[in-house]
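1. What follows is a predicted protein model with its sequence.
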Amino acid sequence: DTGVSQDPRHKITKRGQNVTFRCDPISEHNRLYWYRQTLGQGPEFLTYFQNEAQLEKSRLLSDRFSAERPKGSFSTLEIQRTEQGDSAMYLCASSPVAASRTGELFFGEGSRLTVL
Amino acid sequence: AQKVTQAQTEISVVEKEDVTLDCVYETRDTTYYLFWYKQPPSGELVFLIRRNSFDEQNEISGRYSWNFQKSTSSFNFTITASQVVDSAVYFCALSERYGGSQGNLIFGKGTKLSVKP
């Protein structure tokens, strides 16, 4: 399977715990994005990497959130001291650099976080 | 501020009916992109189409067609002869960034389409 893969698919944690999600993009895609989706809403942009550089962060990304893409391949999204409001589906997407494919994002199946 | 509105929360049709999903957007930019994505029950969002703000030509792809009208800031999506497999949540999205990441998409809340046999 050469699509975007995310792990774990489901995480249940207690409030105050730290969680980490991993995303493996499509191998030839330089750009990687994290989005968050809550029930009944559209995805909301969190952050974006081009290769290993984090080029853009949303105001939604509080200081409890940190994302990395150390070698320009896979990425991790860590949430520290989780709160119930962090419960959501965390979506990773990658895209090719070609201008002709601007905004054509390839999404993974998401990592669902439930904070008790 | 940029915004995407999908006023239809849920639509239910019977197979073979035509259905149109509405999308209205707001932006101050003259250069932008509009998108439609499909999210089937499995959850994985699938890209359907991109339109740039300079191209108002309608597009048809099989049973799918899109109508972009800058005068009304709308980018509507029509499925002709709907099928059960079309059942999904459909999202309209906007990107204002011409030179930036262009992956910072503003999504609407989605329209859930149910096609019954």
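-> Ah, there it is.

2. switch to C-alpha atoms for all contacts and neighbour counts from now on
-> Fine.

3. Over to A:E109. Which of the three states is it?
-> coil (DSSP: H, G, I helix; E, B strand; the rest coil).

4. now do B:K112
-> Secondary structure, three-state DSSP: B:K112 is strand.

5. same deal with B:S42?
-> B:S42 - assigned by three-state DSSP - is coil.

6. show me where chain A has strands.
-> A:5-7, A:10-13, A:19-24, A:31-37, A:44-50, A:53-57, A:65-68, A:75-79, A:88-95, A:106-107, A:111-115 (DSSP state E).

7. So is the first one next to chain B?
-> No. Strand A:5-7 lies apart from chain B when judged by CA under 8 Å from any CA of the partner chain; the minimum separation is 10.6 Å.

8. The least confident helix or strand in chain B by mean pLDDT pairs with which strands, parallel or anti?
-> Lowest on mean pLDDT, DSSP states H and E among the helices and strands of chain B sits strand B:59-61, with a mean of 88. Using DSSP bridges, the strands paired with strand B:59-61 are strand B:64-69 (antiparallel).

9. what's downstream of the partner strand, the next helix or strand?
-> strand B:74-79 (DSSP states H and E).

10. Contacts for that following strand, please.
-> Outside strand B:74-79, the residues that touch it by CA atoms under 8 Å, 6 or more residues apart in numbering or on different chains are B:18-25, B:34, B:63-69.

11. out of these, which are buried?
-> B:19-25, B:34, B:64-69 (16 or more other CA atoms under 10 Å in any protein chain shown).

12. Poorly predicted segments of the chain, please.
-> In the absence of a named chain, this looks at chain A. A:1, A:99-100 (pLDDT under 70).

13. my bad, the chain I had in mind was chain B
-> Judged by pLDDT under 70, chain B has its weakly predicted residues at B:97-102.

14. where along it do the strands fall?
-> B:3-5, B:10-14, B:19-21, B:24-26, B:33-39, B:46-52, B:59-61, B:64-69, B:74-79, B:88-95, B:106-107, B:111-116.
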